[in-house]
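Trainee: Just the structure for this:
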Amino acid sequence: MPSKDLTRRSVPDSAADVDAGQAGAALVEHYPRLVRLAYLILPPSLGRNRRVLTAHSLAQRALPRGRRSGAAESLPSPRRADGCDPAYAYVRGRVVAAALEVARPRRWNAWPRRSQLPPLLPQVWGLRLFPRSGGADELALDQRLSALSGPARAAYALRGLEGLDDTRVRRVLEAAGVADPRTALDRADGPSAQYGLLASAAFDPCSLQARPTDLLRRRRRGRGVLAAAAAVLVCGALLALPDGGLRSGPAAAPAHTGNPVSEQALNPAKLTRVAGSAWHASARTDFSVWPVRGDRTGDTALLRRALAVWALPGDSVQVSATPGTPAGPPMGAPQLLYAGTVDDAVVVLFYDGLRVVRYAEAKDGGGGAALDFARVDGADEAASDAVVVGRTDGNVRYLTAPWVHGAGVRDLLAPTAGSRPLARSADGVTDPVPGPGVSRACTSWNALALRDGSGARLLTDLGELTPARLLAGPPTGPHDARGAADLAGWAHTACLLPAVRSHGVRAVNSWQFASQQLPAEGGRAAWVCTRAETWRGAGGLVLAQFRAPVPGDGPRPDPDTVVARAENSPACGKRQPRVLAGVLWKSRGGQWYVLAAGSTQFASLATTGGVTGSATGPLLAVPAKQGAKARLTGRLGDGTRVGALR
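Mentor: Numbers count the residues shown, from 1 in each chain. Here you go, the predicted model:
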């Protein structure tokens, strides 16, 4: 959505009257926004590195050449009804026009336009620059935008990023030379619910990650240049040079590395393929005994491409990895889990003992490729039950383990509704499952219900390859959430799960650590702790929640109120199975109270600062004033003093 700091002042109505100084000030003030706009409009075929550099180049060339803009160089930019600075509108129009010009086809009998050439400046040598990786929603939106035409991408960006209505969008497109703005607007109607994602770091060419280019290739090319120069001096002619043993493509990979281990890792014939019945006799029950499945397991060319992209991703490859997961090439020949067609994509899944790796390309061979990494070391039977194999239009398909003998879908916000059967193919790929509701309204949250040899489990998609396991019970003995009480509790917690999306979460445990009778006949409240454990063991998120009784029964349970949160804390976990939290609460009669609760390890609680009071046991309620600030502490049974979760 547009930022709310656009200058509102009296300025000339015509772009021809915009002074170069005004345009320069608008460019400097809104430079990140203009560069993001150019990045969204530029064709994805350029690759992320060149899109970043070209977006900066187009924004920097948006200033008028003369002292004033001049009518001959100006794009029409009428005054906006909201008082937007015409200087900014003028610069924005030039950026849009230049970005659209890049994607226009070149004529064989005409010189390319300036914007269609690689930018002279800025340039970065020896590094590839690209925005930070986003989550599954950002990747899906990027794929949707890639399928649109340049004018349609411009219309979508002007709507979602700039907040312009269709009339103003049409004027900007007409000024930029778009022949049919109405069609561009119609085609941009698709992913309109995802406007908020345009402001994410995944589309920010000013917040970048840097990676080196292929160092081996650079060295070989350098030697080749020297050899060519010597050949010119000796022979007087430039001969075609060998490419140093590299194959070009969307992601070049060494054909001959000189390292037998590396060559085995890139050879489809060396892939480990597990038989379908191996898991029956194995002492392990994890990804290492998954059988190879899919209708493309014999496609050597596909497997070679997937391994090549894994070894050396090119600029057109969208790479994502869960936090703490290395995204490097395989150390040896990996295990092939799956190769097949999923909706409109061809997907290959690998496992190398540490990671599950997903390679995906368009079924029709067009567009770029995607490469996703997820850490799964130490996975047990429950953590190996399913892997995300595809996402399309907000739906998720899973590849289930061979020992899973039942699958269903359960809405966590409807705890008494039961689960709906979920069909699977002979290879174990599920039918599309509607993704969990991550909107602000949060009207539903679909979880995957699986049944294996150990019982029933609930798993939820958190934007990663491996779904997170949902647990209930104290940290000393958590269990899979399956009973009526467990499901009723998760109905109040499910809508808080977006806080742990894309964090590399392995399991989430939610348990009630205290129950408190509220003062002034306020009913009985519950205190809940939710902890997300990650695959890397650190970086878990802890939430303390307060659930006050609500009169009447609504169509959906209200989410709990988060009263405290902490990251990288052992609280509420196996190593430190205790938690203390407090909240300022108002009774129906209008009286304010400081309420606090601790787990059973606490012998007494006390509050100091703006509110003073104490209580024996793990519960406390002290009258207070609105906005009061209090410091909460507790003492354990052995006398140790402990602070509240923060």
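
Trainee: For the stretch 201-350 of the chain, which segments are assigned as helices?
Mentor: Shown for the stretch 201-350 of the chain, the helices assigned by DSSP state H, counting those that start in this stretch span residues 215-235, 260-265, 278-281, 300-311.

Trainee: Buried residues in the third one, which are they?
Mentor: When burial is assessed from 16 or more other Cβ atoms under 10 Å, helix 278-281 yields the following buried residues: residue 279. (Each C-beta comes from the backbone N, C-alpha and C, glycine too.)

Trainee: So what touches the helix or strand containing residue 186?
Mentor: Using DSSP states H and E, the element containing residue 186 is helix 181-187. Contact with helix 181-187 is made by 148-149, 151-152, 154-155, 166, 169-170, 173-174, 178, as judged by Cβ atoms under 8 Å, 6 or more residues apart in numbering.

Trainee: and it, C-alpha only, in CSV?
Mentor: In CSV, the C-alpha atoms belonging to helix 181-187 read as follows (Å, rounded to 0.1, in the frame of the first residue of the first chain):
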residue,chain,number,x,y,z
PRO,A,181,-4.5,0.0,-20.7
ARG,A,182,-7.9,-1.5,-20.1
THR,A,183,-6.8,-5.0,-21.0
ALA,A,184,-3.7,-4.6,-18.7
LEU,A,185,-6.1,-3.6,-15.9
ASP,A,186,-8.3,-6.6,-16.5
ARG,A,187,-5.4,-9.0,-16.5
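
Trainee: For it, give the mean pLDDT please.
Mentor: The pLDDT scores in helix 181-187 average 87.

Trainee: Just the pLDDT for the residue lying closest to residue 335 once chain neighbours are set aside.
Mentor: Closest residue to residue 335 apart from its sequence neighbours, by Cβ to Cβ, 6 or more residues apart in numbering: residue 272 at 4.1 Å. pLDDT recorded at residue 272 is 95.

Trainee: could you list every residue that touches residue 272?
Mentor: 333-336.

Trainee: One more: residue 425?
Mentor: Contacts for residue 425 (Cβ under 8 Å, 6+ apart) come out as none.

Trainee: how far away is residue 90 from residue 33?
Mentor: Going from residue 90 to residue 33 by Cβ to Cβ, to the nearest Å gives 14 Å.

Trainee: Tell me which of those two has more neighbours.
Mentor: Shown here are residue 90 and residue 33; by other Cβ atoms under 10 Å, residue 90 has more neighbours (28 against 21).

Trainee: And the more buried one, how far from residue 40?
Mentor: 19 Å.

Trainee: Same check on residue 324?
Mentor: Distance from residue 324 to residue 40, by Cβ to Cβ: 30 Å.

Trainee: likewise residue 326?
Mentor: 30 Å.

Trainee: Over to residue 202?
Mentor: For residue 202, the distance to residue 40 - Cβ to Cβ - is 11 Å.

Trainee: what does residue 452 give?
Mentor: Taken as Cβ to Cβ, the span from residue 452 to residue 40 is 44 Å.

Trainee: which of these two has more neighbours?
Mentor: Neighbour totals were compared for residue 452 and residue 40, and residue 40 leads with 23 against 19 (other Cβ under 10 Å).

Trainee: So for that one, what's the nearest residue that isn't a sequence neighbour?
Mentor: That would be residue 157: by Cβ to Cβ, 6+ apart, it lies 4.2 Å from residue 40.

Trainee: and the one you found, what does it touch?
Mentor: Per Cβ under 8 Å, 6+ apart, neighbours of residue 157: 37, 40-41, 198.

Trainee: What confidence value was assigned to the residue nearest to residue 44 when sequence neighbours are not counted?
Mentor: Distance criterion Cβ to Cβ, 6+ apart; nearest residue to residue 44, sequence neighbours excluded, is residue 146 at 4.3 Å. Looking at residue 146, its pLDDT stands at 81.

Trainee: And for residue 146, the neighbour number?
Mentor: 17.

Trainee: mind listing what it touches?
Mentor: Contacts of residue 146 by Cβ under 8 Å, 6+ apart are 44, 367-368.

Trainee: And the strands in the stretch 251-400 of the chain, which stretches?
Mentor: Using DSSP state E, counting those that start in this stretch, the strands assigned to the stretch 251-400 of the chain run over residues 317-321, 335-342, 345-351, 355-362, 369-375, 386-392, 395-400.

Trainee: re earlier: closest to residue 317 out of the contacts of helix 181-187?
Mentor: Set against residue 317, the nearest of these by Cβ to Cβ is residue 148 (20.0 Å).

Trainee: Over to the closest one. Which of the three states is it?
Mentor: Per DSSP: H, G, I helix; E, B strand; the rest coil, the local secondary structure of residue 148 is coil.

Trainee: Quick check: closest non-adjacent residue to it.
Mentor: Nearest to residue 148 is residue 187, by Cβ to Cβ, 6+ apart, at 6.1 Å.

Trainee: For the one you found, the count of nearby residues, please.
Mentor: 16.

Trainee: ok, now residue 366?
Mentor: Residue 366, neighbours per other Cβ under 10 Å, totals 10.

Trainee: what does the one 4 residues further on give?
Mentor: For residue 370, the count of nearby residues is 21 (other Cβ under 10 Å).

Trainee: From residue 464, how far out is it?
Mentor: 13 Å.

Trainee: can you check residue 88 too?
Mentor: 39 Å.

Trainee: Ok, residue 96 next?
Mentor: For residue 96, the distance to residue 464 - Cβ to Cβ - is 35 Å.

Trainee: just residue 445 next, same as before
Mentor: Residue 445 is 16 Å from residue 464, by Cβ to Cβ.

Trainee: Neighbour count: the two, which is higher?
Mentor: residue 464 (28 against 25).

Trainee: Quick check, pLDDT for the closest residue in space to residue 317 that isn't next to it in sequence.
Mentor: Counting by Cβ to Cβ, 6+ apart, residue 317 lies nearest to residue 369, which is 4.9 Å off, once chain neighbours are set aside. We note a pLDDT of 90 for residue 369 in this prediction.

Trainee: burial of residue 369, as a residue count?
Mentor: Using other Cβ under 10 Å, residue 369 has 21 other residues around it.

Trainee: Please name the bridge partners of it.
Mentor: residue 317, residue 361 (DSSP bridges).

Trainee: Please apply the same query to the one 4 residues further on.
Mentor: Residue 373 has the following beta-bridge partners by DSSP bridges: residue 321, residue 357.

Trainee: which residues does it contact?
Mentor: 319-322, 325-327, 355-357, 465.

Trainee: Let me know the closest of those to residue 587.
Mentor: residue 322 (44.2 Å).

Trainee: ok, and the closest non-adjacent residue to the closest one?
Mentor: Residue 322's closest residue in space is residue 504 (Cβ to Cβ, 6+ apart), at 3.7 Å.

Trainee: Could you do residue 536 as well?
Mentor: Computed as Cβ to Cβ, 6+ apart, the closest residue to residue 536 that is not its neighbour in sequence is residue 324, at 3.5 Å.

Trainee: and the one you found, what is it in contact with?
Mentor: Contacts of residue 324 by Cβ under 8 Å, 6+ apart are 375, 504, 534-536, 538-539.

Trainee: Just read off the phi/psi values of it.
Mentor: Here is the backbone geometry of residue 324 (degrees, to the nearest 10): phi 80, psi 10.

Trainee: looking at it, residue 287 is touching residue 377, isn't it?
Mentor: No: counting by Cβ atoms under 8 Å, residue 287 does not reach residue 377; the two are 10.0 Å apart.

Trainee: Of those two, give the one with the bigger neighbour count.
Mentor: A count of neighbours by other Cβ under 10 Å puts residue 287 above the other of residue 287 and residue 377, at 23 against 13.
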